[in-house]
Every structure is written in C-alpha cells, then in structure tokens.
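Asks: predicted model follows, preceded by the sequence.
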Amino acid sequence: MIFVKLTKDEQRMLDGKDGQAAQKSMEILCALGEIYGADRLIDVASVQVAGVSYHNLGDAGLEFLRDLAKDGKARVVATLNPAGMDLENWKQLGISEEFARKQREVIDAFTAMGIIPSCSCTPYLAGNLPAKGEHVAWSESSAVCFANSVLGARTNREGGPSALAAALTGKTPNYGMHLDENRRAQVTIKVKAKLKTNADFGALGWCIGQKIKNKIPLIIGVKQASVDQLKSFSASIATYGGTAMFHMKGITPDKTPKPAEEITLTAEDIASAFKALNEEQTDVDFVALGCPHASIKEIRRIAELLEGKKVTAELWVATARQTKLLADQMGYSKTIEAAGGKFACDTCMAVAPLKGRFKVMASDSAKGCYYGRGSNDFKTRFGSLEDCIKAAVTGKWKQ
Amino acid sequence: MEAVGRKISKGKAVGEALVSTQPISFYGGVDPSNGKVVEKGHELEGKSIAGKILVFPQGKGSTVGSYTLYRLKKNGFAPAAIINKEAETIVAVGAIISEIPMVDKLPVTAYAALNTGMKVEVNASEAKVVF
C-alpha cells in the first residue's frame, strides 16, 4: 500500500518514537508523497515556512502551532515568511493590541520549535541561502521561484503545514521540482524590449505569467539582470502565472532544451502591463515599497531619493529585520525616517491587515499591486522606485 | 458493498454519508463555529458537515483550509470521516493534522454508488469503506 520507501530513522519518526510533532509531520509528508507519486523522502538543506500572519492563520492555525510546539523541534535551518506586523514597531504602523498579542503568540510557538523568526519573503537575503542543486522546502511563491530559477536549488511550493513538517523532520517527498524531468522549459519567450527598472522586470513577469500560466518558460533576449530585478521578476511571474521556475538564457544556472513553442514580447507588451496596473486615480495616500522585501541596495537608493525631503503620503519600506540593521548602521534608516517614511520589518503589505486604511496605493512591485487590489481593495499606481518616491513626497502620481 | 481505496489519514468512523458533486473550500466555505457550509451557491449551502461521512471530489481554495478543518475538529463540528475522489494537499493535510480518517481513489463504481443518507463505515487505516 505504501509506495514511499522509508529509512529506519524515518520509520522511527512515523511510529511516534521521536514524539508527536515528528509523527504528525511524517504522516503529512508520507501522505503527500503518496498523492504525488514520490518514491522516497529526501533530506532538505533548509526550510522556509509560510502561514505566519495571524491575519491568515486565525485561532485555528495558532492552536495547531501551539499543539505542535509541545514537542516539535526543527532539525534543519528554518526561517519564516512575513508576519502580519512589524514585531517591534507595530504600534507606529497602526496595528491593534489584540492583533499584536495573537501575532506574538504565533511567533512564540515557532521559536519554541527552533524556527528562526527572520520573517521574510527573501530568505536568500536574510541568512537562508541554498546552493545550486540543494533540495529545500520553501513556501513563499516568489522565494520558491527565485530559489529554483536564480539559485538552481530545488523546491516545490510548500503550504504552511507541509513546510513545517519538513522543518520538524528535515525531509520532503521526492517529486515535482526536485526531479530533473520536471524542471525543463515548456515554452520559449523571446523578449524584444529594453528593460531598465526593477518595475520593468515586474511588468515582464506580469506579461509572461498571464500568457503561460504555470508553465516553465525559457526566456531569451534579456542581456543582464540584477538580483533586485530577478527578485521583482520572480514575484511577478509567480503571482500572475503561478510557475515555480523560469530559465533566463545567460543568467540562470540550470540547463534546458529550447522548447519549439515560441512567444515574442515587445515594448508594447511591457507597456500594456503598466497600463493594466495603473488606475486613473492621481491622489496617492499610500506608497508601498519592498515587495519582495527591499534589499540594502534598494534601501540605499530610497534614502538617496528622500534626502532632505518630506513625504505627504504614508510610505512603507518593507524589509527583513537583518537588512534594516544594516540600514541603521549606515544611517539610511535615519534619512528615510526623517523624511517621514516608515519601515515595516518582518511584514509586508500583502499580509498586514490594511483593508480600509488607504484608498490609492503606489508601488514599484507588480505583485504588490495584485495584493493591494485583491486583499485590500486599494486602487493602484505602478511605476519605478523614483516614480513612487515622487508620489510619496507630492501625494500625486506623475501625469 | 465493500471498496478499497487509498489511505490518506488513519482512523475509523461510522456515520451517515453527505455527498457533494462539487469541490469544497473549507477556508471561507465552511463556518468553523457550527460546521455549516456557507459558500454561496454551493450545493451543500446551509447543510452541516458535522459528524457526517463527507464525500466530495476534492478540496479547493486557500491552503488555510487545512487549519479550518483543525478548527472544526477542536470545536466538535468536523466530519466523522472524509472520502475524496482524488485527494489534494489542502484537505489531505487538514485531515491528518485534525485526525479525521480519510481515504480516496475508491473504484469508480463504488464512489458513484455513495449517496447522501447512507450508513457508511470507513476504516481508513486499511483504506476500506463499507456501505
């Protein structure tokens, strides 16, 4: 009946000899292995656990985490996805006492299990960086796409409980993106457009995602891309399409044959993404940067642009706490905060309870616009980092 | 009839079948405080899944649905057992963490013969269903 072959250690966990949390975790991994036809479990080098925001977990999720924390211990390095609030600066960001208390309880349950509370969607910028070929169990869709594509690591897109199960056992079922045959490109995308800003790469992700859904593309024609641009692209293509991986010729490390099916994208296609993500409202009351979490390079640029200025709209810079510490050391935080900007560490606009607080959100993130519209009912404005800072200062979107 | 499928979550239960031909989203689709299906326009809308042998093709919607099943169990409104046509991650994981017996992949004729109101015995540990 069971097709997933287990080692002695794995069987031991499944039999409950290493405690209840390990047993439940093995039951989850074996069932998923059965459903998806895995032959065995494999060791993972690291885990990134989603399902951290109390906003999404609710009391049910919290209760589950507390039960698991009774005897669960992480066996590999595991970090968290963003939480529903900045764990220190939540009051200034307008989070209620009740929400903060519950969110703290969620984090406490995770840390009791030995999971590192670096709550970030860019674990690769915050101390959790796998090498090419390493198997990991990550959750957040942009991080999964970045890991498979840019890093050449191997991960399926895990749900909260399955990632947690991987953390508490150090294992994951061997299927999907862990196997060579599922990592090949299925469609060729020819890019005949010049891409400059991070937002341009977000727009490219929007175009490709819409066209090919969750197929794996081989993208040719992009000459160079920075980590920030690939971060923006990974987030966008995963949000608007759902793919867990892309190949970009000359840039990403995995090899793939070139698929015969070919789609060409031009500057017009890129422009159509900007058109689709920009609504007509020109009064901006919220500017959200750092989706995915801002790198130190992006924060440095934001500080440069805000030097000596004052914002009129609410400006959030979402980032990992580790990156914020660097920004503090360099004085970037001081500059940004002196201009009236706020840092949102450990959290972001996609998971924080923001509905009803703002009307028009500007962002340099195509993914950010998706969540701004969907979860929060905001009207959106989408442009470069420079456009967004201008909007934060003037309260108006450029015409 | 006795049918053998695939074990997803161990355990045994006996109860009355509640059959849906449509997939179920537990997150947002079922109220964890009373076990009632609340998804607008769903064929089970207004019906309670509490204590039933819940038969449906598979889950849909948010992965948070796994936790909703857990909440239903804690509140005493979980189904007694789940029979899926073909399991997916959300409901499978939800059943395991909530200790709800669950099987899938019964022979097509057996799955089709399950009707609302029938008395059904599920022995998920042996992947067996008797009705």
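Replies: Happy to help now that I have it. Residues are numbered from 1 along each chain as shown, chains lettered A, B, ... in the order given.

Asks: can you give me the strands for chain A?
Replies: With strands called from DSSP state E, chain A shows them at A:41-43, A:46-49, A:77-80, A:116-119, A:171-173, A:187-192, A:217-220, A:247-248, A:262-266, A:286-289, A:314-319, A:342-345, A:360-363, A:379-382.

Asks: these: which one's closest to residue B:35?
Replies: Proximity to residue B:35 (Cβ to Cβ) singles out strand A:46-49 among these, at 28.7 Å. (Glycine included, C-beta is placed from N, CA and C.)

Asks: by contact count, what packs against the closest one?
Replies: Counting contacts by 3 or more Cβ pairs under 8 Å, 6 or more residues apart in numbering or on different chains; DSSP states H and E, strand A:46-49 packs against strand A:77-80, helix A:160-169.

Asks: does any part of the longest one sit near chain B?
Replies: Yes: when contact is scored as Cβ under 8 Å from any Cβ of the partner chain, part of helix A:160-169 falls within range of chain B: A:160, A:161, A:162.

Asks: for that helix, buried residues please.
Replies: A:160, A:161, A:162, A:163, A:164, A:165, A:166, A:167, A:168, A:169 (16 or more other Cβ atoms under 10 Å in any protein chain shown).

Asks: run a quick neighbour tally on residue A:202.
Replies: 33 (other Cβ atoms under 10 Å in any protein chain shown).

Asks: how about the contacts made by residue 12?
Replies: If you meant another chain, say so; for now it's chain A. residue A:18 (Cβ atoms under 8 Å, 6 or more residues apart in numbering or on different chains).

Asks: wrong one, I was asking about chain B
Replies: Residue B:12 touches B:101, B:121, B:122, B:123, B:124, B:125, counting by Cβ under 8 Å, 6+ apart.

Asks: re earlier: out of the helices and strands packed on strand A:46-49, flag the one nearest residue A:344.
Replies: strand A:77-80 (15.2 Å).

Asks: what strands line up against that closest one, and which way round?
Replies: strand A:46-49 (parallel), strand A:116-119 (parallel) (DSSP bridges).

Asks: now that strand - C-alpha only, CSV.
Replies: C-alpha atoms of strand A:77-80 as CSV (Å, rounded to 0.1, in the frame of the first residue of the first chain):
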residue,chain,number,x,y,z
VAL,A,77,17.7,25.7,9.5
ALA,A,78,14.2,27.0,9.1
THR,A,79,13.1,30.7,8.7
LEU,A,80,9.7,32.3,8.5
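
Asks: who are the contact partners of residue 70?
Replies: Assuming you mean chain A. A:20, A:21.

Asks: looking at chain B here, not the other one
Replies: A:60, A:61, A:63, A:64, B:94, B:97, B:98.

Asks: for the closest residue to the last one other than its chain neighbours, give me its contacts.
Replies: Spelled out, it's residue B:98. Nearest in space to residue B:98, with sequence neighbours left out and distances taken as Cβ to Cβ, 6 or more residues apart in numbering or on different chains, is residue B:73 at 4.0 Å. By Cβ under 8 Å, 6+ apart, residue B:73 lies in contact with B:98, B:99, B:100.

Asks: so the residue most central in space within chain B bridges to which residues?
Replies: Centroid check for chain B by Cα atoms, centre = their mean gives residue B:82 as the closest residue, at 2.7 Å. The partner list for residue B:82 in beta bridges (DSSP bridges) reads residue B:54, residue B:102.

Asks: from residue A:201, how far out is it?
Replies: Relative to residue A:201, residue B:82 is positioned 43 Å away (Cβ to Cβ, to the nearest Å).

Asks: with residue B:32 instead?
Replies: 41 Å.

Asks: okay, the two: which has more neighbours?
Replies: Under the criterion of other Cβ under 10 Å, the comparison of residue B:32 against residue A:201 puts residue A:201 first, with 26 against 22.

Asks: so who does residue A:120 touch?
Replies: A:79, A:80, A:81, A:82, A:126, A:293, A:319, A:320, A:321, A:322, A:346.

Asks: burial of the nearest residue to the last one once chain neighbours are set aside, as a residue count?
Replies: Nearest-residue entry for residue A:346: residue A:119, 3.9 Å, with adjacent residues in sequence omitted and distances by Cβ to Cβ, 6+ apart. The local packing of residue A:119 (other Cβ under 10 Å) involves 30 other residues.

Asks: what are the bridge partners for residue A:119, then?
Replies: residue A:80.

Asks: would you mark the buried spots in the lowest-mean-pLDDT helix or strand in chain B?
Replies: Lowest by mean pLDDT, DSSP states H and E among the helices and strands of chain B is helix B:65-75, with a mean of 91. Judged by neighbour count (16+ other Cβ under 10 Å), helix B:65-75 contains these buried residues: B:65, B:66, B:67, B:68, B:69, B:70, B:71, B:72, B:73, B:74.

Asks: with mean pLDDT added, can I get the strands paired with strand A:77-80 in a markdown table?
Replies: Formatted as a markdown table, those follow (pLDDT from 0 to 100):
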| stretch | mean pLDDT |
| --- | --- |
| strand A:46-49 | 97 |
| strand A:116-119 | 94 |
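
Asks: and these, which is most packed in?
Replies: Stretch with highest mean neighbour count among the strands paired with strand A:77-80: strand A:46-49 (a mean of 30; mean count of other Cβ atoms under 10 Å in any protein chain shown).

Asks: residues making contact with that strand?
Replies: Counting by Cβ under 8 Å, 6+ apart, A:74, A:76-81, A:110, A:115, A:123, A:128, A:130, A:134, A:136-140, A:143, A:160, A:163-164, A:166-167 sit against strand A:46-49.

Asks: now a PyMOL select for only the buried ones of those.
Replies: Remark: buried members of the contacts of strand A:46-49, expressed as a PyMOL selection using 16+ other Cβ under 10 Å:
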select buried, chain A and resi 74+76+77+78+79+80+81+110+115+123+128+130+134+136+137+138+139+140+143+160+163+164+166+167
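
Asks: which positions in chain A make contact with chain B?
Replies: A:1, A:24, A:27-28, A:31-32, A:34-35, A:51, A:56-61, A:63-64, A:159-162.

Asks: just the ones in helices from the residues you listed, please.
Replies: A:24, A:27-28, A:31-32, A:34-35, A:56-61, A:63-64, A:160-162 (DSSP state H).

Asks: how about the closest residue to chain B within chain A, what does it touch?
Replies: Proximity to chain B, evaluated over chain A using Cβ to the nearest Cβ, is greatest for residue A:60 at 3.2 Å. If a contact means Cβ under 8 Å, 6+ apart, then residue A:60 has B:32, B:67, B:68, B:70, B:71, B:74 as its contacts.

Asks: one more: residue B:43?
Replies: Neighbours of residue B:43 in contact, by Cβ under 8 Å, 6+ apart: B:20, B:21, B:22.

Asks: could you report the neighbour count for the first one?
Replies: Read that as residue B:20. Residue B:20: 17 neighbours (other Cβ under 10 Å).

Asks: quick one: the residue lying closest to it once chain neighbours are set aside from residue A:380, how far?
Replies: Counting by Cβ to Cβ, 6+ apart, residue B:20 lies nearest to residue B:56, which is 4.2 Å off, once chain neighbours are set aside. Remark: distance between residue B:56 and residue A:380 (Cβ to Cβ) = 36 Å.

Asks: if anything else comes up later, I'll come back, but that's it for now.
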